[in-house]
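1. 3D model of this:
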Amino acid sequence: MKKVFVVTPAFSGGSWICTERLITEIARQKVHVFSLGLGTIFHRNKAIKYFAIPFPRYDKWGFLTSLSSAVALIWNIPLMIFSFVALIVYMPSLVIFNGFAAGLTIAPFAKLLRIKTVVVYHGYIEKNSNSFVSGVLRFLIRFLDLVVVNSAGSFDNISSLVNEEKVAINEHYADEIFFSGTIQRKQADSDKLNILYVGRLDSEKLCKTLVDIALAERSNKDYTFTFVGVGEYDQQLKQASEKGKSIKYIGYVSDRTVLRDNYKNADVVWSCADETYLALPAVEALACGTPIIIPKYAALPSKIEKKILVKSELVPAEIGWLVDPFDFGSVKKLFTEIRKNRLYAKMKDECRRYASKKYSRTNLLDTSEKILKLMR
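-> The predicted structure follows:
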């Protein structure tokens with residue numbers, strides 16, 4: 001039986017969910033899959049063997065890795081050490097890395113052992129003016145057999161460093177559980193607005209304005225702000241939820257049935273996007289029939305600084321709104337307009353239709369087939 005070794009900095013978050021979907025599909029083809037990662041395992045798939053290295057939670061402290069490449073490297077040192085040992089002992093046919101940080105450092109060693117290498121990548125590589133750094137990056141990428149990205153924008157970004165034939169696009173999609181059941185309808189006489197946030201509670205996710213408004217309105221009965229996730233704002237929200245009536249802090253949720261119920265009970269979901277793709281919670285919300293509110297700037301630190309815009313076609317007016325996440329007043333005004341006019345009620349059916357058409361799992365099968373071919 002062929003063996004696949006998976007290396008991940010965390011067993012949570014959108015990038016891991018997308019990686020796990022891929023390896024689950026691969027495991028169906030009579031392939032033994034072993035996954036090594038840092039921190040807590042929140043959800044187990046019977047088709048995959050897991051090994052977790054005790055470590056701080058990435059969804060809570062991972063924002064530190066965006067401070068610099070040095071921090072990201074230090075964070076991944078334990079993972080690299082264990083991965084080197086596992087490769088020698090396990091000797092897989094193929095190794096899949098969730099992210100470039102560990103992938104680029106381990107791939108050369110894997111190639112020495114004649115092991116095929118794949119990186120699943122959700123992000124953006126800043127073009128470096130330093131010719132030495134760019135040269136090292138190009139050299140290390142040569143050791144990869146395939147790079148799996150999640151959007152056309154990421155494809156264009158990575159194609160400047162690696163041959164296009166070695167890049168596959170595997171866009172976000174919503175699991176069937178989010179399409180299941182009827183769309184939640186609210187009573188016509190209810191004018192309370194239920195706003196949900198799902199994801200890491202970090203500044204780079206452009207949710208600070210939402211957090212600030214929730215704290216300012218924590219005694220306002222016209223709103224309910226529900227937060228699912230952990231991060232730099234979690235303690236602040238947890239304390240506020242114990243005092244204010246309009247804030248609910250749930251924490252991290254791995255059960256997708258519970259996530260689905262939260263999406264369905266919300267009137268709108270605040271999420272984020274890169275230039276060319278929506279974050280996974282936004283896709284899941286649409287599948288549940290819930291409109292989305294997306295900050296108009298791409299939610300990556302380097303792009304936020306440059307105020308690079310999300311493509312407007314990602315959020316048609318029929319399914320949601322693009323907002324300036326740094327304009328407290330305009331966001332609050334939008335909330336008031338949505339609540340008073342019950343705008344979300346007219347959008348629910350279209351949200352699910354849009355998700356059904358655009359966010360299917362078809363290309364997951366194509367990508368898994370490309371990975372399987374590497375082992376033949």
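2. The closest residue to Gly103 other than its chain neighbours sits in which helix or strand?
-> Take Gly103 and drop its neighbours on the chain: the residue closest to it by C-beta to C-beta, 6 or more residues apart in numbering is Phe97, 3.3 Å away. To be clear about C-beta, it is placed using only N, CA and C from the backbone, and glycine gets the same treatment. Secondary structure assignment for Phe97, by DSSP states H and E: strand 94-98.
3. returning to what we had before: so the residue nearest to Gly103 sits against Ile106, correct?
-> Yes - counting by C-beta atoms under 8 Å, Ile106 is a contact partner of Phe97 at 6.9 Å.
4. what's the overlap in contacts for the two?
-> Counting by C-beta atoms under 8 Å, 6 or more residues apart in numbering, the shared contacts of Phe97 and Ile106 are Val7.
5. what packs against the host helix or strand of Leu196?
-> Assessed by DSSP H and E, Leu196 sits inside strand 193-198. Contact here means 3 or more C-beta pairs under 8 Å, 6 or more residues apart in numbering; DSSP states H and E; on that basis strand 193-198 packs against helix 208-216, strand 223-228, helix 256-265, strand 268-270, helix 280-287, helix 328-341.
6. Try it again at 6 Å.
-> Applying 3 or more C-beta pairs under 6 Å, 6 or more residues apart in numbering; DSSP states H and E, we find strand 193-198 packed against strand 223-228, strand 268-270.
7. Contacts for the strand holding Phe97, please.
-> Applying C-beta atoms under 6 Å, 6 or more residues apart in numbering, the contact partners of strand 94-98 are 4-8, 15-16, 19, 103, 110, 115-120, 374-375.
8. Return the members of those classed as buried.
-> With neighbours counted using 16 or more other C-beta atoms under 10 Å, the contacts of strand 94-98 contain these buried positions: 4-8, 15-16, 19, 103, 110, 115-120.
9. Tell me the backbone dihedrals of the residue lying closest to Val162 once chain neighbours are set aside, please.
-> Of all residues not flanking Val162 in the chain, Ile141 sits nearest, at 5.0 Å (C-beta to C-beta, 6+ apart). Dihedral pair for Ile141: phi -60, psi -30, per degrees, to the nearest 10.
10. quick revisit: so the strand holding Leu196 versus helix 256-265, what angle?
-> 150 degrees (axes from the mean of the first three to the mean of the last three C-alpha atoms, to 10 degrees).
11. pLDDT averaged over strand 193-198 - what is it?
-> Across strand 193-198, pLDDT averages out at 97.
12. what's in contact with that strand?
-> Applying C-beta under 6 Å, 6+ apart, the contact partners of strand 193-198 are 207, 210, 223-228, 262, 266-270, 281, 339.
13. out of the residues you listed, who has the most neighbours?
-> Among the contacts of strand 193-198, the one with the most neighbours (other C-beta atoms under 10 Å) is Trp270, at 33 neighbours.
14. show me what contacts that residue?
-> Here Trp270 is in contact with Tyr197, Leu210, Ile293 (C-beta under 6 Å, 6+ apart).
15. The strand holding Leu196: partners in the sheet, and parallel or antiparallel?
-> Taking DSSP bridges as the criterion, strand 193-198 sits next to strand 223-228 (parallel), strand 268-270 (parallel) in its sheet.
16. I'd like the ones you listed as CSV, with mean pLDDT appended.
-> Output for the strands paired with strand 193-198, formatted as CSV (pLDDT from 0 to 100):
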stretch, mean pLDDT
strand 223-228, 97
strand 268-270, 98
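17. hey, where'd the strands end up in this protein?
-> Remark: strands assigned in the chain by DSSP state E are 3-8, 32-38, 48-53, 94-98, 116-121, 146-149, 167-169, 193-198, 223-228, 247-251, 268-270, 292-295, 320-323.
18. mean confidence score for the strand holding Phe97?
-> Computed over strand 94-98, the mean pLDDT rounds to 96.
19. try stretch 27-34
-> 92.
20. Buried residues in that stretch, which are they?
-> Ala27, Val31, His32, Val33, Phe34.
21. Show me the shaky parts of the stretch 101-250 of the chain.
-> Scanning the stretch 101-250 of the chain with the threshold set as pLDDT under 70 gives 123-124, 126-133, 187-189.
22. give me every residue that touches Asp212.
-> So Asp212 contacts nothing (C-beta under 6 Å, 6+ apart).
23. Please tell me how far it sits from Asp145.
-> Using C-beta to C-beta, to the nearest Å, Asp212 is found at 45 Å from Asp145.
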